[in-house]
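S.K.: predicted coordinates and the sequence they were generated for:
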Amino acid sequence: MKKKYSLPLFVIALIVSLNGYAIAQQPIDTNEEVLVEQGNRIALPKQESTAATSIITSEEIMKSSALNTTNTLYGRGLGLTSLQNDGLEYGVNTTFNIRGMGSFYSNNPLVLVDGFERPLSSLAKEEIESITVLKDAPALSLYGYRGSNGVLLVKTKTGVIGKTNIVVSYDQASLQMRRKPQFVDAQTYALSVNEALTNDGLSSRYSAGQIEAFKSGLYPDYYPNVNWMDEILKDNAMSNNFNININGGSKVVRYYTNINLQNHDSYVKPENIVSSFSSQYKYSKLNIRTNLDVQLSNTTNFSVKLLGFISETNRPGTQPGDIMPRIYNTPAAAFPVKTSTGEWGGSDTWTNNPVAMMAARGYGKANQRTLLADWTLQQDLADLVKGLKAEVSVGFDNSADYWESMSQNYRYQKNTAQINTDGTLSNPVSTLVGSNTSPNYSSSLGSQWRNFAAFAKLQYDKKRDNVTSSSTLMFQHDQYVGNGQFSTSNRQRINAYTHLGLSNKYYVDLSLTAHGSNRLEPGRNIGLFPAISSAWVISNESFMNENSLIDYLKLRASFGIVGNDYTTANELFKQTYGNGGSYFFTDNYTSTAGMSELRLATTGLTYEKSHKANLGIEGRFWNMLEVVAELYYDRRTDILVSTSGTVSSVLGATPSMSNDGIIDTKGVEIGVSLTNSIGDITYAIGTQFTYANSTIINRNEGFVPFEYLMQTGKSVNQLFGYEAIGFFKDQADIQSSPVQLLSTVVPGDIKFKDQNNDNRINEQDRKAIGYNTVSPEIYFSVNFNLEYKGIGVDANFQGVGNYSAVLNTSSMFWPLRNNTNISNYYYENRWTPDNQDALFPRLSTLQNDNNYNVNTIWLRDRSFVKLRTLEVYYKVAEDLIAGTFISNAKLYLRGMNLFSLDNLKVVDPESYGVALPLSASFHVGVNVTF
């Protein structure tokens, strides 16, 4: 079944590519003017652009060896915040954010690949020509409901007029897990539990003899000492990335084909315990892209772009989200991996053996099949009207996951025994629990989606004397269909756009977009989005002619409205009902189930409106220094928020949602780059800095007794918690402090500041602390390149600021509760009567609401600076390959995420929860052009 759907796609792609190669004509040189994307398939010369955009080039993207293309953009693109997420390198996408958090909900930007909405992760990085970041109103208003969070325009490579070029590259990586959590051994765990129970006023669990048995290791079946991290996770993993692309063409036909094959073997160690199947995390993916451009006539151009990929992901039968908590939370003293009789270990307290869950529960295998296809017809209509052009484009995408799985259960052996005073074992008891079941094979359809889009454009260009104008009328229809109810979205958009230029110095853009969406209430689902922008090319003024320092200088300004049709639930404009209480009906007094009114309907449901203003300046000086600076303001209104804070609690129904939310975002962006050469030495250095603060103006918050409790006026996702002022030293300290209402406290518990001076500590003593844990306010990067006669070094540093972490990871920072584990870091920094200047409170096995909440004891500055890439390379000298069929060759050694400067030390600031630790990677690669 898989071959039936996948093979024809690749056959078609290869045939199209080979046909393009076969009919290529004589090479012709061209010198095309570099254009800047304005949005919605409008491109202008850089001098004429009035929009705030930044471009990430193919060269920048290829400085990363990440398998997942979303992970190549750290520190790239002024105004784009890219944050790494925990998980497997190939499967986890980067979180993107453009200019702050303008909404209480999703702030993800729209990603368009060749004009159509598509996942960036579906592409191989080798096939990308550029990524343009659209940030302000003149570009974003063209996308109506989809533009408020910014847009990433991804352009794939196309053939270049000239002889056929074949580029072959190979990258092999060794990945090393960094900052792997370290948990205490069995003896220390037993001592910790006893200490915690004593602190809680309870009896100890482990005797001195049992603690000694954990230490000695004489009875591993009964008193084990297992390092679960080391039993399951190895330190190294491997990946390979092979790529070949063929491009070339003539004035008639241009072609580009890219074939990418990648695979990854992950960190799981115990794959050979059960020999009949592999439960290792493994990944492989094959991408084939063909882009073909055909000049059908002097006035007609036709292009087709095809991308197909197949991928296979293998994982253990137990879901990853279930395995990592077991690794973290199962203590070394719980049970052996396997007993001396060869049975899996287990116990009444800890019933899930992490190694058995990984290796003996079967496997799951996902096979993904995806086709992304589009064609475009461009027609010059100058024979009808001079300057008139038309364009039609249609895209169709389809993707599905097919799952194969084998599941089985395992039995385990629980062992109990006592330790005599002389250290010998007595009363050993072994019990088998459960059974080893036969494999159960199954298959199913996982997720599937399809997307259809149609685009049409009519453009009229005119030039008269010193005045140039370009007017465009556009239409687009988008339909997305996914799994399940309410998974279909339909949107239609009409754009009118005019670009005016005067004397190559003054430019004005005007646009108006009408956008309809089925996500909104019928009759109220069409929005209008106007924008105006202007630019003044100061360097073209006559008074600048004598200035040899300034090569190019332009001032820009813009304002416009963009939308967002996101809703918190489907059909909010309808009243909903559900099961209610029963009542007696008929003469038989029969109890009948009733219905109740649920959430009240939203009246006047509308869309979010983003009012964006931008002031920018850009320039080039001394023919080597480029500077860009942006100052922006965005007021987001009509954000959906609950009305619960504005109505009485005696309403008797769930309050409706209302478009009352308002968020203000203000920020600045600065980019500086310097490129120069001295003899055989070339060097480049660049830096980018972004600051974005998003403040809540209104969210129907309702009454709060003290101003410091209000979220209104604070940053979006601002942390609120208790301000710790130390730990209670003794009972006298507790008695002289405010009454603790969160839970009963003893010495070693956290002492909080009484914010309202009412001599009580309760929820009214929470205040704004730190920043937020979602997105940093400051994002910056520094990159440099130095090259001498083909030998070079390239580095990219990226960092964040005004960013917070709350250390609430189970076992790592919040230990022992619910029979969980404890880390070495916590154990060494816990409060004891002899260590009252500790980092963390006393040990406890109880819930302890006083200690385990959001407060400044757990608050950390999450700022960091990471070395994202460091590369040493050699470009083979031309005289060494002269006379061969090789035109260019490059060898490189590359490291990624080699170190992080931060305040967390034992965990990564981008991944400090219960998750697979992040990796550093070391790559060796070669790139050869024939």
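M.R.: Yep, that arrived. Residues are numbered from 1 along each chain as shown.
S.K.: quick check: beta-bridge partners of Y892?
M.R.: When bridges are called by DSSP bridges, Y892 pairs up with Y873, G925.
S.K.: so who does it touch?
M.R.: If a contact means CB atoms under 8 Å, 6 or more residues apart in numbering, then Y892 has E871, V872, Y873, Y874, H923, V924, G925, V926, N927 as its contacts. (Each C-beta comes from the backbone N, C-alpha and C, glycine too.)
S.K.: after the helix or strand of the chain with the lowest mean pLDDT comes which helix or strand?
M.R.: One helix or strand of the chain scores below all others by mean pLDDT, DSSP states H and E: helix 2-22, with a mean of 37. As assigned by DSSP states H and E, the chain's next helix or strand after helix 2-22 is strand 35-39.
S.K.: next, the distance between the ends of stretch 153-167.
M.R.: According to CA to CA, to the nearest Å, stretch 153-167 extends 25 Å from its N-terminal end residue to its C-terminal end residue.
S.K.: apologies, that question was intended for stretch 780-798.
M.R.: As for stretch 780-798, its first-to-last residue distance stands at 6 Å under the measure CA to CA.
S.K.: list the buried residues for it?
M.R.: Neighbour counts over stretch 780-798 (16 or more other CB atoms under 10 Å) mark F780, S781, V782, N783, N785, E787, G792, D794, A795, N796, F797, Q798 as buried.
S.K.: any idea how far the third one is from D902?
M.R.: So that's V782. For V782, the distance to D902 equals 16 Å [CB to CB, to the nearest Å].
S.K.: residue ranges for the strands of the stretch 451-600 of the chain, please.
M.R.: Listed from the start of the chain, the stretch 451-600 of the chain has strands (DSSP state E, counting those that start in this stretch) covering 467-481, 488-502, 506-517, 526-537, 550-564, 577-585, 590-597.
S.K.: with just CA atoms, put the shortest one into CSV.
M.R.: Looking back up the chat, that one is strand 590-597. Output of strand 590-597 as CSV, limited to C-alpha atoms (Å, rounded to 0.1, in the frame of the first residue of the first chain):
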residue,chain,number,x,y,z
THR,A,590,-39.6,8.1,36.0
SER,A,591,-36.3,9.9,36.4
THR,A,592,-35.3,11.4,33.0
ALA,A,593,-31.9,12.9,32.1
GLY,A,594,-32.1,16.7,31.5
MET,A,595,-30.0,19.2,29.6
SER,A,596,-28.3,22.3,30.8
GLU,A,597,-27.0,25.5,29.3
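S.K.: mind listing the strands that strand pairs with, and their directions?
M.R.: Going by DSSP bridges, the partners of strand 590-597 are strand 577-585 (antiparallel).
S.K.: ok, and the closest non-adjacent residue to S430?
M.R.: In space, S430 comes closest to N415 once its chain neighbours are excluded; the distance is 5.0 Å by CB to CB, 6 or more residues apart in numbering.
S.K.: kindly report the same for I532.
M.R.: With sequence-adjacent residues excluded and distances taken as CB to CB, 6+ apart, I532 is closest to L510, at 5.6 Å.
S.K.: contacts only, for D322.
M.R.: When contacts are taken as CB under 8 Å, 6+ apart, D322 is in contact with M357.
S.K.: from V92, how far out is it?
M.R.: To V92, D322 is 17 Å away according to CB to CB.
S.K.: what does D794 give?
M.R.: Taking CB to CB as the criterion, D794 is separated from V92 by 25 Å.
S.K.: equivalent analysis for R289, please.
M.R.: Computed as CB to CB, the R289 to V92 distance reads 23 Å.
S.K.: these two: who's more crowded?
M.R.: For R289 and V92, the more surrounded residue by other CB atoms under 10 Å is R289, and the numbers stand at 24 against 19.
S.K.: that one touches N247, doesn't it?
M.R.: No - between R289 and N247 no contact is recorded; they are 10.9 Å apart, counting by CB atoms under 8 Å.
S.K.: okay, and the common contacts of these two?
M.R.: Each of Y256, T257 lies in contact with both R289 and N247 under the rule CB under 8 Å, 6+ apart.
S.K.: on that earlier part again, can you list which of the buried residues of stretch 780-798 are found in strands?
M.R.: Secondary structure defined by DSSP state E assigns F780, S781, V782, N783, N785, E787, G792, D794, A795, N796, F797, Q798 of the buried residues of stretch 780-798 to strands.
S.K.: mind giving me JSON lines with those residues and columns for pLDDT?
M.R.: Output for these, formatted as JSON lines (pLDDT from 0 to 100):
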{"residue": "F780", "pLDDT": "97"}
{"residue": "S781", "pLDDT": "97"}
{"residue": "V782", "pLDDT": "97"}
{"residue": "N783", "pLDDT": "96"}
{"residue": "N785", "pLDDT": "97"}
{"residue": "E787", "pLDDT": "96"}
{"residue": "G792", "pLDDT": "96"}
{"residue": "D794", "pLDDT": "97"}
{"residue": "A795", "pLDDT": "97"}
{"residue": "N796", "pLDDT": "97"}
{"residue": "F797", "pLDDT": "97"}
{"residue": "Q798", "pLDDT": "97"}
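S.K.: from the residues you listed, pick the one nearest T603.
M.R.: Distance ranking of these against T603, using CB to CB, places F780 first at 44.9 Å.
S.K.: correct me if wrong: that closest one contacts V672.
M.R.: No - contact criterion CB under 8 Å: F780 and V672 do not qualify, at 11.3 Å.
S.K.: now the common contact residues for the two.
M.R.: T687.
S.K.: which residues of the stretch 701-850 of the chain fall in helices?
M.R.: Taking DSSP state H, counting those that start in this stretch as the criterion, the stretch 701-850 of the chain contains helices spanning 731-735, 824-828.
S.K.: where's the last one relative to the chain centroid, distance-wise?
M.R.: So the one you mean is helix 824-828. For helix 824-828, the distance from its own C-alpha centre to the chain's C-alpha centre is 31 Å (CA atoms, centre = their mean, to the nearest Å).
S.K.: report the buried residues of that helix.
M.R.: Neighbour-count burial for helix 824-828 flags Y825, Y826, Y827 (criterion: 16+ other CB under 10 Å).
S.K.: ditto for stretch 309-328
M.R.: Residues of stretch 309-328 classed as buried under the neighbour-count rule (16+ other CB under 10 Å) are 309-318, 320, 323-328.
S.K.: how about the CA coordinates for that stretch, as CSV?
M.R.: Taking C-alpha atoms only, stretch 309-328 is exported to CSV below (Å, rounded to 0.1, in the frame of the first residue of the first chain):
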residue,chain,number,x,y,z
PHE,A,309,9.0,12.8,0.6
ILE,A,310,8.7,9.5,2.5
SER,A,311,9.9,9.1,6.1
GLU,A,312,10.0,6.2,8.5
THR,A,313,10.2,6.7,12.3
ASN,A,314,10.7,3.8,14.7
ARG,A,315,10.1,4.1,18.4
PRO,A,316,9.4,1.9,21.4
GLY,A,317,5.9,0.5,21.9
THR,A,318,5.6,2.8,25.0
GLN,A,319,5.0,6.4,24.1
PRO,A,320,8.0,8.7,24.6
GLY,A,321,5.9,10.9,27.0
ASP,A,322,5.6,7.9,29.3
ILE,A,323,9.2,6.7,29.2
MET,A,324,11.0,9.8,30.2
PRO,A,325,9.0,10.4,33.4
ARG,A,326,9.8,6.8,34.4
ILE,A,327,13.5,7.4,33.9
TYR,A,328,13.5,10.5,36.0
